[in-house]
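[1] I'd like to go over a predicted model; first the sequence, then the structure.
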Amino acid sequence: MRGVARLLVLSAVVTTSCGDDSGIADDTIAEATVRVRADGCGPRTELGTGTSIGDGLVVTAAHVVAGADRVEVVDPSGEMTPAEVVMFDPVLDVATLRPNTDPGPPAPLRADPASEGETGVIAIPSANGSIELVDVEVVQRVTILTTDIYRDEQVQRPGLRVAVTVEPGDSGAMVHLAGGGVGIVWSRSTERSDQAWTVDLPDELRSPASRRALMEPVDTGPCP
């Protein structure tokens, strides 16, 4: 059970909170959030979270779809749609999907960097089809020294350390602050279970022209 969950936004009846720290209507965040399902790496389906970012695209974490034979997105209404991976970055741990049908209204993206102490939410699809909004606070802007998703080489990821409790299936969730989304959750902290790491959205995903150019399927590499 999450200690910081503050609101359930049901897919059947989407409500708007008047006190949302992100400055974005709850229904906008909920409608942009999808579940990502990936098959092909063993008997278990890999689950992650994705966010519609415009131009028919959904962004998630690369390790969710690495090595997948089949990728699907499930929208808040429960509709499941096959999707192609059109961008895959194992260094940043970011992937972009193009579902066969439009993923729905996009979440706004923010150009300005996040500051320490800012608060907002991440949105997580629940098993019953609802969208759970979970409070998040920016602890620190950092360049994270880690490894690529295959643990083959050391890499640096620009992003945030945030105060939020994440669980399996939450990877790929977007951090929504005032003005829009600022980064993608890729891991829980190994030092504190109530903190997580995010990576900044790549510049090409902030540009409508660059997003529209992401049309062709790309290789998702081996299973991590």
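    Structure's in. What do you need? Computed from a prediction, not measured in an experiment: that's the story for all the values here.
[2] going forward, measure contacts between C-alpha atoms and count neighbours the same way
    Noted.
[3] who touches the closest residue to residue 214 other than its chain neighbours in this structure?
    Distances taken as CA to CA, 6 or more residues apart in numbering place residue 86 nearest to residue 214, at 5.7 Å, with adjacent residues excluded. Contacts for residue 86 (CA atoms under 8 Å, 6 or more residues apart in numbering) come out as 95-98, 214-218.
[4] with residue 75 instead?
    Residue 75 makes contacts with 31, 33-35, 103, as judged by CA under 8 Å, 6+ apart.
[5] would you turn those residues into JSON lines with neighbour count, secondary structure and pLDDT?
    What follows is the contacts of residue 75, written out as JSON lines (neighbours: other CA atoms under 10 Å; DSSP: H, G, I helix; E, B strand; the rest coil; pLDDT from 0 to 100):
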{"residue": "31", "neighbour count": "23", "secondary structure": "helix", "pLDDT": "94"}
{"residue": "33", "neighbour count": "32", "secondary structure": "strand", "pLDDT": "97"}
{"residue": "34", "neighbour count": "32", "secondary structure": "strand", "pLDDT": "96"}
{"residue": "35", "neighbour count": "27", "secondary structure": "strand", "pLDDT": "97"}
{"residue": "103", "neighbour count": "27", "secondary structure": "coil", "pLDDT": "92"}
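[6] closest one of those to residue 121?
    residue 33 (12.1 Å; CA to CA).
[7] so where do the helices sit in the chain?
    Listed in chain order, the helices of the chain (DSSP state H) span 26-32, 62-65, 203-206, 208-212.
[8] most packed of these?
    Neighbour counts (mean count of other CA atoms under 10 Å) averaged over each of these peak at helix 62-65, with a mean of 28.
[9] that one: how far from the chain's middle?
    11 Å (CA atoms, centre = their mean, to the nearest Å).
[10] convert it to CSV, retaining C-alpha atoms only.
    C-alpha atoms of helix 62-65 as CSV (Å, rounded to 0.1, in the frame of the first residue of the first chain):
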residue,chain,number,x,y,z
ALA,A,62,13.3,1.3,-22.2
HIS,A,63,13.8,-1.7,-19.8
VAL,A,64,10.1,-2.3,-19.9
VAL,A,65,10.1,-3.1,-23.6
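[11] tell me the average confidence for that helix?
    Averaged across helix 62-65, the pLDDT comes to 98.
[12] other SSEs contacting that helix?
    Secondary-structure packing of helix 62-65 (3 or more CA pairs under 8 Å, 6 or more residues apart in numbering; DSSP states H and E): strand 33-40, strand 42-54, strand 94-99.
[13] save the ones you listed as CSV, and put in distance to residue 179 too.
    Putting the helices and strands packed on helix 62-65 into CSV (distance: least, CA to CA, whole Å) gives the following:
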stretch, distance to residue 179
strand 33-40, 17
strand 42-54, 14
strand 94-99, 21
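[14] between those, which gets nearest to residue 76?
    That would be strand 33-40 among the helices and strands packed on helix 62-65, by CA to CA, at 6.3 Å.
[15] let's see that closest one as PDB, backbone CA atoms only.
    Provided in PDB are the C-alpha atoms of strand 33-40 (Å, rounded to 0.1, in the frame of the first residue of the first chain):
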ATOM      1  CA  THR A  33      -1.600   7.600 -18.700                       C
ATOM      2  CA  VAL A  34      -1.500   4.000 -20.100                       C
ATOM      3  CA  ARG A  35      -0.400   0.600 -19.000                       C
ATOM      4  CA  VAL A  36       2.400  -0.900 -21.100                       C
ATOM      5  CA  ARG A  37       2.600  -4.600 -21.600                       C
ATOM      6  CA  ALA A  38       5.600  -6.400 -23.300                       C
ATOM      7  CA  ASP A  39       6.000 -10.100 -24.100                       C
ATOM      8  CA  GLY A  40       9.100 -11.900 -25.300                       C
END
